[in-house]
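[1] fold the following for me, if possible:
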Amino acid sequence: MPMKYFEYKENALYCEDVLLSDLAEEYGTPLYVYSKRQIIENLQAIDAAFNGAEHLLCYSLKANSNHSILKLLAEAGAGADIVSGGELHLALKAGFLPNKIVFAGVGKRSDEIEYALQQNIFSFNVESVPELQAISRAALRLGKRANVSLRINPDIDAQSHPYITTGLQTTKFGIEASKALEVYRYASTLPSIDVIGIHTHIGSQITKMEPFVDTAKFVVSLIERLREAGIHITHIDFGGGVGVPYFNAIRHEALPIEDPSHDNIPEPAEILGAVLPLLQSTGCSIWMEPGRTVIANAGILLTRVVYVKDNGVKKFVIVDGGMNDLLRPSLYHAHHQIVPLALKTYEHQKVDVVGPICESTDFFAQDRELPNVAAGDDLAILTAGAYGFVLSSNYNGRLRPAEILVNGERVRVIRPRETLEQLE
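    Residues are numbered from 1 along each chain as shown. Model (predicted):
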């Protein structure tokens, strides 16, 4: 989906109706800035793509768990996809209804399972036989019944980064497809367990249609086999993982054109258009867990150039943000477009954009064409709303950044900047 609410007006970058350089000046950098309108429109666009099919969007809290953003999504009617007791607490605190919450993850502890059962969440996405047994025991102790969907690993390559590919047999996730029928039969015999569905999630930042279509075909085939075996499935949780554009997120004649081979990423509506007819043929309700597609292009990270350093071999743009603020480039070599808040020149230079952390992996870009910048200039690291602040840390004694939500001309601090007094 396009980065609609971050744009240049007279060579100055805005978020909605707010000049971003004003935010950098008033609130300091590094600084996360989110567009409320972009968040809501992203959610509505995915919702509309279901075209009347029975469904629920369960926002994936791991993408961004700021309370104000969660509250906004809960009020918009979304459900929640959680992976820990902590995320369940955050979801409930933000107002997500328990009957719209699904609990995923490979390592659910017994206390987390009991907490979820006590809160009457909709279901657990189960990843192993031992976990099934743990949920059954907990439900029996509490006098509850637990809805479960089994996460089946279809051994389909998401064609994404290996660190965020989850559907292959070599990953820790899910129950192998060859044992699916056996495990479903076993689950059906356990006390206090209601087997209602199938869950799949093959990876994250998937930028091709084929893996989703192949997964949908797998799901339909498995449901047919299960029903033939007398196991009646009524629920499909189709996971998330839809990719978003990180290259050329904003275009302007003064900005370098980034690798155009990354431009043709299917929209969520295109993917749903291809898989929905398959999934609907089962008669099941369809739930989906978007995270990145809701929040990624709704957020940016502002950072200020501290020094420009030339060692005779490379030129480094040293900024005040670091891998402790946005880990994705260091962790995955992930690409984020980086642009100046004020366009002053059409001249470009090849640079590494690096932070202040004492690690060689502390970079936001390497050998990147960037408009010429100088110390004191402010930059925006784009499409940083997902897996940004949630992965931040105090490494090197750095303070976590503030977070700002923009709504038209209105600006609200939704997380204050950490202070030295808060460091422990």
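
[2] which parts of the stretch 101-250 of the chain are strands?
    For the stretch 101-250 of the chain, strands defined by DSSP state E, counting those that start in this stretch occupy the ranges 101-103, 123-126, 146-153, 175-176, 193-199, 235-237.

[3] just put those strands in JSON lines and tack on distance to Arg137, mean neighbour count and mean pLDDT.
    For every residue, glycine as well, the C-beta is placed using N, CA and C. JSON lines is the format used below for those (distance: least, Cβ to Cβ, whole Å; neighbours: other Cβ atoms under 10 Å; pLDDT from 0 to 100):
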{"stretch": "strand 101-103", "distance to Arg137": "16", "mean neighbour count": "26", "mean pLDDT": "98"}
{"stretch": "strand 123-126", "distance to Arg137": "13", "mean neighbour count": "26", "mean pLDDT": "98"}
{"stretch": "strand 146-153", "distance to Arg137": "10", "mean neighbour count": "24", "mean pLDDT": "96"}
{"stretch": "strand 175-176", "distance to Arg137": "19", "mean neighbour count": "17", "mean pLDDT": "91"}
{"stretch": "strand 193-199", "distance to Arg137": "10", "mean neighbour count": "22", "mean pLDDT": "97"}
{"stretch": "strand 235-237", "distance to Arg137": "23", "mean neighbour count": "25", "mean pLDDT": "96"}
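
[4] and these: which comes nearest Lys208?
    strand 146-153 (19.0 Å; Cβ to Cβ).

[5] sorry, back to before: please tabulate the strands of the stretch 101-250 of the chain in TSV, including the columns distance to Pro290.
    Below are the strands of the stretch 101-250 of the chain laid out as TSV (distance: least, Cβ to Cβ, whole Å):
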stretch	distance to Pro290
strand 101-103	13
strand 123-126	15
strand 146-153	17
strand 175-176	23
strand 193-199	15
strand 235-237	12
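
[6] skipping its backbone neighbours, what lies nearest Gln44 in space?
    In space, Gln44 comes closest to Ala76 once its chain neighbours are excluded; the distance is 7.8 Å by Cβ to Cβ, 6 or more residues apart in numbering.

[7] now do the contacts for the one you found.
    Residues near Ala76 by Cβ atoms under 8 Å, 6 or more residues apart in numbering: Ile40, Leu43, Gln44.

[8] rebuild the residues you listed as JSON lines, extending it with distance to Leu327.
    Listed next are the contacts of Ala76 as JSON lines, based on distance: Cβ to Cβ, whole Å:
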{"residue": "Ile40", "distance to Leu327": "27"}
{"residue": "Leu43", "distance to Leu327": "25"}
{"residue": "Gln44", "distance to Leu327": "30"}
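
[9] from those, which single one is nearest Val373?
    Nearest member of the contacts of Ala76 to Val373, counting by Cβ to Cβ, is Ile40, at 32.9 Å.

[10] nearest residue to the closest one other than its sequence neighbours?
    Leaving aside its chain neighbours, Ile40 sits nearest to Ala76 (6.2 Å; criterion: Cβ to Cβ, 6+ apart).

[11] the one you found and Asp325: what is the separation?
    Plainly put, Ala76 is 28 Å away from Asp325 if you go by Cβ to Cβ, to the nearest Å.

[12] likewise for Val183?
    42 Å.

[13] the two: which is more packed in?
    Asp325 (29 against 18; other Cβ atoms under 10 Å).

[14] isn't the more buried one right next to Leu302, touching?
    No - using Cβ atoms under 8 Å, Asp325 is not in contact with Leu302, being 10.2 Å away.

[15] identify the contacts common to these two.
    Pro30.

[16] and the regular element (helix or strand) spanning Lys71, what does it pack onto?
    Per DSSP states H and E: Lys71 is located in helix 67-75. Contacts defined by 3 or more Cβ pairs under 8 Å, 6 or more residues apart in numbering; DSSP states H and E place helix 67-75 against helix 36-48, helix 85-94, strand 410-415.

[17] distance to Ile265, mean neighbour count and mean pLDDT added to those, as a markdown table?
    Shown next, in a markdown table, are those (distance: least, Cβ to Cβ, whole Å; neighbours: other Cβ under 10 Å; pLDDT from 0 to 100):
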| stretch | distance to Ile265 | mean neighbour count | mean pLDDT |
| --- | --- | --- | --- |
| helix 36-48 | 14 | 19 | 97 |
| helix 85-94 | 27 | 18 | 98 |
| strand 410-415 | 28 | 15 | 98 |
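
[18] domains in the chain, as residue ranges please.
    By the assignment in automatic domain parsing, the chain contains the domains 36-292, 297-422.

[19] figure out which of those is closest to Ser21.
    Per Cβ to Cβ, nearest to Ser21 of the domains of the chain: domain 297-422, 4.7 Å.

[20] do I have it right that Thr383 meets Gln337?
    Yes - under the criterion of Cβ under 8 Å, Thr383 makes contact with Gln337 at 6.9 Å.

[21] who has more neighbours, those two?
    Ranked by neighbour count (other Cβ under 10 Å), Thr383 and Gln337 place Thr383 first, with 27 against 24.

[22] doesn't the more buried one belong to a strand?
    No - note on Thr383: no strand contains this position according to DSSP: H, G, I helix; E, B strand; the rest coil, which reports coil.

[23] worst-scoring helix or strand of the protein, pLDDT-wise?
    When the helices and strands of the chain are scored by mean pLDDT, DSSP states H and E, strand 175-176 comes last with a mean of 91.

[24] per-residue pLDDT of Thr165, please?
    Per-residue pLDDT puts Thr165 at 47.

[25] what does the helix holding Lys71 contact?
    34, 36, 39-40, 43, 59, 61, 80, 90-91, 93-97, 294-295, 405, 412, 414.

[26] what comes up buried for the helix or strand following that helix?
    Using DSSP H and E, the helix or strand that directly follows helix 67-75 along the chain is strand 79-82. Judged by neighbour count (16 or more other Cβ atoms under 10 Å), strand 79-82 contains these buried residues: Gly79, Ala80, Asp81, Ile82.

[27] all good on my end, thank you.
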